[in-house]
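*Asks:* structure for this input, please:
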Amino acid sequence: MMMRAILIASAVFALAACGEREQTLGKVKQDATPFSGTGKAYAAPGWKQGDKTSWEQQLKTRAQSGQNDYSKAP
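*Replies:* Okay, here's the model as predicted:
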């Protein structure tokens, strides 16, 4: 009788471990747009804070001249 209770309890615990709860973060809130800036301390030359086209152009320039190793190769 005791062995049967232990087997049932272990089966219940084993099956309970198989379940998975849904993992959601809920709504993601973004305080401000990325191109709005943080102030003049981190502003790159040529970039105007709050101007989306200036932001996109700065990202393209950085990707081509600053982070592209193929353009740096001799």
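
*Asks:* pLDDT wise, what is Lys72 at?
*Replies:* With respect to pLDDT, Lys72 scores 67.

*Asks:* how near is the residue nearest to Thr61 when sequence neighbours are not counted to Gln58?
*Replies:* Excluding the flanking residues, the one nearest Thr61 by C-beta to C-beta, 6 or more residues apart in numbering is Gly46, at 8.0 Å. The way it works is simple: take the backbone N, C-alpha and C, and place the C-beta from them, glycine included. Distance of Gly46 to Gln58, given as C-beta to C-beta, to the nearest Å: 7 Å.

*Asks:* the more surrounded of those two?
*Replies:* Just comparing Gly46 and Gln58: by other C-beta atoms under 10 Å the higher neighbour count belongs to Gln58, 18 against 9.

*Asks:* show me where this structure has strands.
*Replies:* Assigned strands in the chain: none (criterion: DSSP state E).

*Asks:* middle-most residue in it, spatially?
*Replies:* For the chain, the residue lying nearest the average C-alpha position, counting by C-alpha atoms, centre = their mean, turns out to be Val28 (10.9 Å).

*Asks:* okay, now the unreliable bits of the protein?
*Replies:* The chain contains residues with pLDDT under 70 at 17, 30, 40-41, 68, 71-74.
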